[in-house]
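Visitor: no letters, just coordinates:
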């Protein structure tokens, strides 16, 4: 028969509490909390999901041509301001004469960058600006083409509800939907 003393000698004292730590005797590890390697979250922020008024959402930023066909797409979490994404998106504008955008893209830095490239910004000023910038509201009426493009994009159920977990997968299906909008049957329907 094997006794506990023999097992203790064989194990070399394994399992005995060292240093008088009686508080953690029923825990496997002596440290409370999560493991050090798990402190960095890999979830929502990395996948372009963030809080907004309606819950966890993803913003889709699109650059379109004159008839409303998308050719540059970017995803951001719902809580990121539009102004922060605009410079990277506007680099792909090419030789445009006008850039139509909503109030979320209103900023002096964006306006100055567009004017330096000889592009006229058609962006209505925010209501809280001290010195409101001029906006050609007659040209701004053409922005409804962009809103109709978003409507056509969101007719794809997978885009409207974002079933995809990763931003890469969602952006891939968004590009497929955008390519479908370049087909003549969708353009004539607009």
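Guide: Perfect, thanks for sending it. These numbers come from a predicted model, not from an experiment.
Visitor: from now on I want contacts and neighbour counts done on CA atoms only, so please keep to that.
Guide: Noted.
Visitor: please point out which parts of the strand ranked longest in the chain sit buried.
Guide: Taking DSSP state E as the criterion, the chain has its longest strand at strand 55-64. Counting neighbours by 16 or more other C-alpha atoms under 10 Å, one finds that the buried residues in strand 55-64 are 57-64.
Visitor: also stretch 165-176?
Guide: Buried residues in stretch 165-176 (16+ other C-alpha under 10 Å): 167, 170-171, 173-175.
Visitor: got a pLDDT number for the nearest residue to residue 46 once chain neighbours are set aside?
Guide: Using C-alpha to C-alpha, 6 or more residues apart in numbering and skipping residues adjacent in sequence, the residue nearest residue 46 is residue 167, 7.8 Å away. Residue 167 is assigned 92 on the pLDDT scale.
Visitor: my guess is residue 167 meets residue 48, correct?
Guide: Yes - counting by C-alpha atoms under 8 Å, residue 167 does reach residue 48; the two are 5.9 Å apart.
Visitor: overlap of the contact sets of the two?
Guide: residue 75 (C-alpha atoms under 8 Å, 6 or more residues apart in numbering).
Visitor: what segments of the protein are helices?
Guide: 4-11, 82-90, 108-116, 137-140, 144-153, 157-161, 167-181, 184-189 (DSSP state H).
Visitor: which elements pack onto the longest one?
Guide: Same thing as helix 167-181. strand 70-77, helix 144-153, helix 157-161 (3 or more C-alpha pairs under 8 Å, 6 or more residues apart in numbering; DSSP states H and E).
Visitor: mean neighbour count, the ones you listed: which tops it?
Guide: Sort these by mean neighbour count, taking mean count of other C-alpha atoms under 10 Å, and strand 70-77 sits at the top with a mean of 18.
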